[in-house]
Structure formats: structure tokens, C-alpha cells
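A.B. asks: Need coordinates for the below:
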Amino acid sequence: MKQLPLAIGAIGAGPEQSFDSYVPGTNGAALAHLRLGGVAGAPVSYLWGASGTGKTHLLRALVRRTHEQGQRSGWFAASDRMPWELDEAWSLVVIDDCDELDEARQHAAFALFVDAATLGIPVAAAGRVPPVDLPLREDLRTRLGWGHVFALQPLAEAEMRAALRREADRRGVFLSDEVMDYLLTRFERNLQPLMAQLERLDRFSLANKRAITVPMLKLMLAEEGAV
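C.D. replies: Next up is the predicted model:
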């Protein structure tokens, strides 16, 4: 069980875990729902979509906003250790990676739903497929579809480029069109691994005291054994 009394830990310590840093693309409705307090008006808000569509980013941003407002929350994911227990002082319960919950964690998640509903605590959750297709026990799958359900779509290339450019600007590094083109052709067009590559590239650039170029990117990948 992972309890988050402060805006640290699973929600991170940087602006990358905020609503402001999320590039919505066609997912503006989900962003607005979470950002503008829609979670409080429903028993559950469920996000689904492929890897890289920003499900976990939005959940972390929601937890960050909750804590910034002086409230507390509980965060649970398929990889978290048992037991899972609800704290009556929480104002939000988050369950991530719902499609990966094993039998024991399905039982624990159902118990969280029952306790949260009794106390009027909203639940925000996410998985790769819609509630109806989740490989879960029927009572839990049904509850995940009780409230608002949002299907998140991948970013278009222009939006992905904008997101990478904004993150590079935040880090204070120049990302040329050539480097951007190489990243987008060399790696899967999924924002999460692309952001991870940008972070590694920034560290590699600082360590070698060189500007970010395609030759330097190739050198980094060669040293990592990625080429």
C-alpha cells in the first residue's frame, strides 16, 4: 500500500507531474474533468488507452492537485505490495494499471471501492482497456464503469513534437529539428519513452559538456548498446 501524504513519491517532485505539463491533444475532455473538479462529483473516474497516452501522468497530476489543496490521497497500482487499506482521512483513492490486477489485488481494490463509497471518497482509476473489457471479477469491473469513462488517444506527430520541444525548453536545452527527426524515426512514437530518451540525452550532454546533436545522440546510444 502506497500512501502519499505529500506531493512526492509516486507523483514525483517536478513540473512534469502536473496538469500544466500534460499535452492533451484530443484528450481535452479528460483533462478538464480532472482539472476542474469533476472527480468529486462521481463515484469513479476511469481513464483508458494504450501505453503512452498519459493515463498515469493525469492520475499523478490529480494527486498533486489534491495535495496542493491540503488534502490527502491513497495511491495503489498493480505492482504495489499488499495489504491495501483505506484511510478515512483521504479525499481521493487512485488505482492505476487496473488491467494488471491479480486475484488478490482485485479483491483488495473491490474492498477499497466499498469503503470509499461508504465514506463518500471518489475513486480515480486507469487501465489499458475500457471497463467492460477488463479481465477482472465482475463486481469490480462493473464498479469501474459506474462513473465517467474517458478514452485517451495518442498524440499526433505535431503534438508529440510540441511536447518534446516544451520539455527541452524546460530543461534549458536546444533540440534541433534534426535531433527531433532522429528521435521520432529511431524510437517508437510513444511520448513516455521519448521523454525518457530526452532525459538521458540531457544528462549525457551535461556529462560530456557538448551540445545535443545527432552525432552525440548516436554516441550515447552506442555506449548504451542501443545501436
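A.B. asks: From here on, just use CA atoms for contacts and neighbour counts.
C.D. replies: OK.
A.B. asks: pLDDT weak spots in this protein?
C.D. replies: Where the chain drops to pLDDT under 70, the residues are 1-16, 225-227.
A.B. asks: could you redo the last one with a cut-off of 80?
C.D. replies: Filtered on pLDDT under 80, the chain yields the residue ranges 1-17, 189, 192, 224-227.
A.B. asks: What are the boundaries of the helices in it?
C.D. replies: With DSSP state H as the definition, the chain shows helices at residue ranges 28-35, 55-68, 103-119, 138-144, 157-171, 177-186, 191-208, 214-223.
A.B. asks: what's the third one in contact with?
C.D. replies: In other words, helix 103-119. The set of residues that contact helix 103-119 without belonging to it, under CA atoms under 8 Å, 6 or more residues apart in numbering, is 43, 78, 82-86, 88, 93, 95, 122-123, 136-137, 139-140, 143.
A.B. asks: do you know how far residue 17 is from residue 150?
C.D. replies: Between residue 17 and residue 150 the distance, using CA to CA, to the nearest Å, works out to 20 Å.
A.B. asks: Settle it for me: which of the two has more neighbours?
C.D. replies: residue 17 (24 against 18; other CA atoms under 10 Å).
A.B. asks: The more buried one is in contact with residue 63, isn't it?
C.D. replies: No: distance between residue 17 and residue 63: 9.4 Å, which falls outside the contact criterion (CA atoms under 8 Å).
A.B. asks: which residues sit in contact with residue 78?
C.D. replies: Residue 78 is in contact with 96-98, 100-102, 105, counting by CA under 8 Å, 6+ apart.
A.B. asks: Mark which of those residues are buried, thanks.
C.D. replies: Buried subset of the contacts of residue 78 (neighbour count, 16 or more other CA atoms under 10 Å): 96-98, 100-101, 105.
A.B. asks: any idea which of the helices of the chain is most buried?
C.D. replies: For those, the largest average neighbour count (mean count of other CA atoms under 10 Å) is found in helix 55-68, namely a mean of 23.
A.B. asks: tell me what that helix is packed against?
C.D. replies: Contact analysis of helix 55-68 by 3 or more CA pairs under 8 Å, 6 or more residues apart in numbering; DSSP states H and E lists helix 28-35, strand 73-77, strand 92-96, strand 123-127 as its packing neighbours.
A.B. asks: Of these, which is nearest residue 160?
C.D. replies: Of all the helices and strands packed on helix 55-68, it is helix 28-35 that lies closest to residue 160, at 15.2 Å by CA to CA.
A.B. asks: That's all I had, so thanks and see you.
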